[in-house]
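Peer 1: Quick one, structure for this:
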Amino acid sequence: MKSGNIKYTGGELKKAAKKLLSRKKSLSAGDEVACEIVRDLIPLYADRAASDQTGKFVRAHIAGCRSCADYFRSVVTATREKRMSSRAGRIGVGGFAGIAGKIKRRRAIYASVTTVALLVLIGLNLYAFLTRGDR
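Peer 2: Predicted coordinates:
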């Protein structure tokens, strides 16, 4: 779904859904206004971010409107593919991230051991230099 297709924010969509649900006249499946609003609500419904009442409205409309049902299936498919690709990316990066973490820890240990060894050697040389003058 392109960002240019989004016409309302989340709060506006909920208000529009409540307004539609409170209308006395029922919205038929072929009503263009209902289709437009349902198509705006479908991404929220597919992500399980819509309220129960909004979900009931979307399900009822999808049951009677073939074009909105097709749109719903395409959104669900796109969402599923996006989740799968992002999960695959996380798995791939996660495996290398673990190796990179081990390498960083190992380098830190080597640097620490080297620093301690150098300090000991410097201390021994300083001790030898200072005590040598007494002879």
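Peer 1: elements contacting the helix or strand in which Ala78 is found?
Peer 2: Here Ala78 sits within helix 66-132, counting by DSSP states H and E. Helix 66-132 sits against helix 32-46, helix 52-64, with contacts defined as 3 or more Cβ pairs under 8 Å, 6 or more residues apart in numbering; DSSP states H and E. In this view, the C-beta of every residue, glycine as well, is placed from N, C-alpha and C.
Peer 1: Hey, what's the angle from it to helix 52-64? Just curious.
Peer 2: 130 degrees (axes from the mean of the first three to the mean of the last three Cα atoms, to 10 degrees).
Peer 1: on that earlier part again, and the helices and strands packed on helix 66-132: which comes nearest Thr79?
Peer 2: Set against Thr79 and scored by Cβ to Cβ, the helices and strands packed on helix 66-132 come closest in helix 32-46, at 5.4 Å.
Peer 1: The closest one: which residues count as buried?
Peer 2: Residues of helix 32-46 classed as buried: 34-35, 37-46 (neighbour count, 16 or more other Cβ atoms under 10 Å).
Peer 1: For stretch 106-119, what does the pLDDT average out to?
Peer 2: The average pLDDT for stretch 106-119 rounds to 96.
Peer 1: Please enumerate residues in contact with it?
Peer 2: For stretch 106-119, there are no external contacting residues (Cβ atoms under 8 Å, 6 or more residues apart in numbering).
Peer 1: Any chance you could give me that stretch in CSV, C-alpha atoms only?
Peer 2: Output of stretch 106-119 as CSV, limited to C-alpha atoms (Å, rounded to 0.1, in the frame of the first residue of the first chain):
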residue,chain,number,x,y,z
ARG,A,106,37.6,-11.8,22.3
ARG,A,107,39.3,-8.6,21.2
ALA,A,108,38.4,-6.9,24.5
ILE,A,109,39.9,-9.8,26.4
TYR,A,110,43.1,-9.8,24.3
ALA,A,111,43.4,-6.0,24.8
SER,A,112,43.0,-6.3,28.5
VAL,A,113,45.5,-9.1,28.9
THR,A,114,48.0,-7.2,26.7
THR,A,115,47.5,-4.0,28.8
VAL,A,116,48.1,-5.9,32.1
ALA,A,117,51.2,-7.7,30.7
LEU,A,118,52.7,-4.3,29.5
LEU,A,119,52.0,-2.7,32.9
